[in-house]
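1. How does the following fold in three dimensions:
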Amino acid sequence: MSPNKPTSMHSPRGQAPLERLRTFGDPVLKQATNPVTVFDGRLEKLAQTMLEVMDREDGVGLAAPQIGVVTRIMVWRNPDRETDRYAFVNARVVEQSEARTTAAEGCLSVPGATMEVARADEVTVDAQDLKGRPLQVHLTGLLARIVQHEIDHLDGRLILDRTSPEERRRVLKEMRERTLAPGT
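-> Residues are numbered from 1 along each chain as shown. Prediction:
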């Protein structure tokens, strides 16, 4: 998830494949992920790479499909406390409030666009940590929004799939115009 800041559509040359951010139109973003069954050093290295990409792109969350990995792992941070950083493995929402808030969201995989998305105000998430230990967390407000956004990525959904048809058309039109504009 992007904190409503435009990002570059192109990754710098010379990056390793896992360091390249996948953007709208890449089919990997529409795939549901596979559950993690092996908790080892490779998983920890993947999480570290994801945190580095998230930081480089100035995001508040990143799911594995966004770097081309179809595995159920996501990383995120609390934007109000820079040291609060998390890796959730096999995360899923198990409870959510009926109360919803619609707010502007950005996405690192839909660069330069923000759109209005309705999300549950509160969620309870079951996940595992990088060692395979079970976690259950209850989140509210912005933290709930961030985690719901990243779990959507794990399920093969983008924010474009969560917004109204009118909002989707508006964003797609803006993206087309930016792509076709001379000098961009």
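
2. Can you verify my assumption that Ala63 contacts Val70?
-> No: using C-beta atoms under 8 Å, Ala63 makes no contact with Val70, being 10.3 Å away. Bear in mind the C-beta positions are built from the backbone N, C-alpha and C, glycine included.

3. of those two, who's got more company?
-> For Ala63 versus Val70, the count of surrounding residues by other C-beta atoms under 10 Å is larger for Ala63: 29 against 13.

4. tell me the SS of the residue lying closest to the more buried one once chain neighbours are set aside?
-> Leaving aside its sequence neighbours, Ala63 sits nearest to His153 (C-beta to C-beta, 6 or more residues apart in numbering; 3.4 Å). Following DSSP: H, G, I helix; E, B strand; the rest coil, the label given to His153 is helix.

5. Need the residues touching each of Ala63 and Val70.
-> Thr33 (C-beta atoms under 8 Å, 6 or more residues apart in numbering).

6. what are the ranges of the helices in this protein?
-> 41-56, 141-154, 165-180 (DSSP state H).

7. Comparing those, which comes out most buried?
-> Comparing these by mean neighbour count (mean count of other C-beta atoms under 10 Å), helix 141-154 ranks first with a mean of 22.

8. export that helix as CSV, just CAs?
-> C-alpha atoms of helix 141-154 as CSV (Å, rounded to 0.1, in the frame of the first residue of the first chain):
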residue,chain,number,x,y,z
GLY,A,141,-8.3,2.4,11.7
LEU,A,142,-5.4,2.9,9.3
LEU,A,143,-3.6,-0.3,10.5
ALA,A,144,-6.7,-2.3,9.7
ARG,A,145,-6.9,-0.7,6.3
ILE,A,146,-3.2,-1.4,5.5
VAL,A,147,-3.5,-5.1,6.4
GLN,A,148,-6.8,-5.5,4.5
HIS,A,149,-5.1,-3.9,1.4
GLU,A,150,-2.1,-6.4,1.6
ILE,A,151,-4.3,-9.4,2.2
ASP,A,152,-6.3,-8.4,-0.9
HIS,A,153,-3.0,-8.7,-2.8
LEU,A,154,-2.5,-12.2,-1.4
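
9. Indicate which one of the helices of the chain is closest to Ala113.
-> helix 165-180 (4.8 Å; C-beta to C-beta).
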